[in-house]
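[1] give me the fold of what follows.
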Amino acid sequence: MKKFLFFFIAITLCFTLVACNQKSGQTNNVSITMGASERFSNAEIEEAINSVKKKFVDFKGCYLTQLWYDETLSDSFIDEYMASGRGSTNGVKAENVIVLRSAFTVDSTGGDGSFNPNSTYDDWNWILIRDSKDGSWNVDDWGY
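    Residues are numbered from 1 along each chain as shown. As a prediction, this is how the structure comes out:
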């Protein structure tokens with residue numbers, strides 16, 4: 001009985017250590033592109049980029065490879081977000097919404113299990129909102 005208990009504890013410990021060893025989302029080698037903007041200053045866009053990078057740390061087993069701002073694309077996604085997305089119910093004003101796009105890869109673990117292992121996700125959207133022109137950007141939604 002002691003051997004069984006020891007074996008059970010050893011196996012449980014191994015599984016626990018493997019689960020805890022999963023890497024946080026990596027953003028250290030990301031290529032950033034900021035397109036021209038009439039709506040936001042470079043500092044505002046950089047703050048939005050930093051907010052996405054902070055959120056991406058939660059994407060275990062994933063590697064952010066590209067992150068970019070394109071005002072034309074952002075504006076079209078904002079229109080959709082305000083008409084039928086969370087923007088239609090959360091009270092945010094369109095001038096306090098920005099959409100960034102990204103690409104990232106997923107390692108063999110499949111991230112947290114919600115991504116395809118050993119895959120690449122292109123044109124991933126990050127919708128960020130703020131309370132006011134002077135407020136901080138917060139990631140409100142993401143995905144395709």
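
[2] where does this structure dip in pLDDT?
    1-22 (pLDDT under 70).

[3] which stretches in it count as strands?
    When assigned using DSSP state E, the strands of the chain occupy the ranges 31-34, 62-69, 97-106, 119-129, 138-143.

[4] partner strands of the third one, parallel or antiparallel?
    Strand pairing for strand 97-106, using DSSP bridges, gives strand 62-69 (antiparallel), strand 119-129 (antiparallel).

[5] return the distance of residue 68 relative to residue 31.
    The gap separating residue 68 from residue 31 is 8 Å, by CB to CB, to the nearest Å. For every residue, glycine as well, the C-beta is placed using N, CA and C.

[6] these two - which one has more neighbours?
    More crowded of residue 68 and residue 31, by other CB atoms under 10 Å: residue 68, with 18 against 10.

[7] separation between that one and residue 47?
    According to CB to CB, residue 68 and residue 47 sit 15 Å apart.

[8] nearest residue to the middle of the chain?
    The centroid of the chain falls nearest to residue 56 when counting by CA atoms, centre = their mean (4.1 Å).

[9] so it sits right up against residue 64, yeah?
    Yes: contact criterion CB atoms under 8 Å: residue 56 and residue 64 qualify, at 5.1 Å.

[10] residue ranges of the helices in the chain, please?
    Secondary structure of the chain, counting by DSSP state H: helices at 2-20, 42-56, 71-84.

[11] show residues contacting the last one.
    So the one you mean is helix 71-84. Under the contact criterion CB atoms under 8 Å, 6 or more residues apart in numbering, helix 71-84 has outside partners 35-39, 87-88, 94, 97-101, 125, 127, 141.
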